[in-house]
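**Q** give me a 3D structure for the following:
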Amino acid sequence: MQQWFEYCTSKKHTCPVCKQGCKAKDACRLYFQSIGDVKESVVTQKQAGVEEDAGVLRKEVKRLEGKVSGLSTVLEKQTKELDELKDEVFFNFYNLFLLLFSLI
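**A** Model prediction:
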């Protein structure tokens, strides 16, 4: 077959039996039809791998969403505590100011 491709006079290679056009990479498909089934099987396996990867990614997204939710709750709690501390500092500063002003 390799010699046939090398010595074929036309640029368009055609099968000497069925006259179907082909390239060197397609010769196996032309002469050994089961090769096409293998290619389809590889595509099916790739699709199954992609679907499996998608499932893994969905689980990871769910895990990360849970983590983000937990961190958001912690952030809200700390923000509330910070606001309370600010109020306490302001109140103490105000009382100190009043105390100093009364001494004058």
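
**Q** mind checking the pLDDT average for the helix or strand hosting residue 68?
**A** With the criterion set as DSSP states H and E, the secondary-structure element containing residue 68 is helix 34-103. The predicted model gives helix 34-103 an average pLDDT of 84.

**Q** just checking, what packs against it?
**A** Here helix 34-103 is seen to pack against helix 27-31 when contacts are counted using 3 or more CB pairs under 8 Å, 6 or more residues apart in numbering; DSSP states H and E. For the C-beta atoms, the positions are set from N, CA and C on the backbone; glycine is no exception.

**Q** so what's residue 102 up against?
**A** When contacts are counted by CB atoms under 8 Å, 6 or more residues apart in numbering, residue 102 is found next to no other residue.

**Q** how near is it to residue 92?
**A** For residue 102, the distance to residue 92 equals 16 Å [CB to CB, to the nearest Å].

**Q** now residue 51: how far from residue 95?
**A** Here residue 51 is placed at a distance of 66 Å from residue 95 (CB to CB).

**Q** repeat that for residue 76.
**A** Per CB to CB, residue 76 is found 29 Å from residue 95.

**Q** for residue 66, same thing?
**A** Summarising the geometry, the distance separating residue 66 from residue 95, computed by CB to CB, is 44 Å.

**Q** what of residue 19?
**A** 102 Å.

**Q** neighbour count winner among the two?
**A** residue 95 (10 against 7; other CB atoms under 10 Å).

**Q** give the contact list for the more buried one.
**A** Contact partners of residue 95, counting by CB under 8 Å, 6+ apart, are absent.

**Q** how close does it sit to residue 22?
**A** Using CB to CB, one obtains 94 Å as the distance from residue 95 to residue 22.

**Q** and what of residue 100?
**A** When distances are taken as CB to CB, residue 100 and residue 22 turn out to be 98 Å apart.

**Q** if you count surrounding residues, which of these two has more?
**A** residue 22 (17 against 9).

**Q** bridging residues for residue 22?
**A** Going by DSSP bridges, residue 22 is paired in beta bridges with residue 13.

**Q** which pLDDT value belongs to it?
**A** Predicted confidence (pLDDT) at residue 22: the value is 70.

**Q** brilliant, that's me finished.
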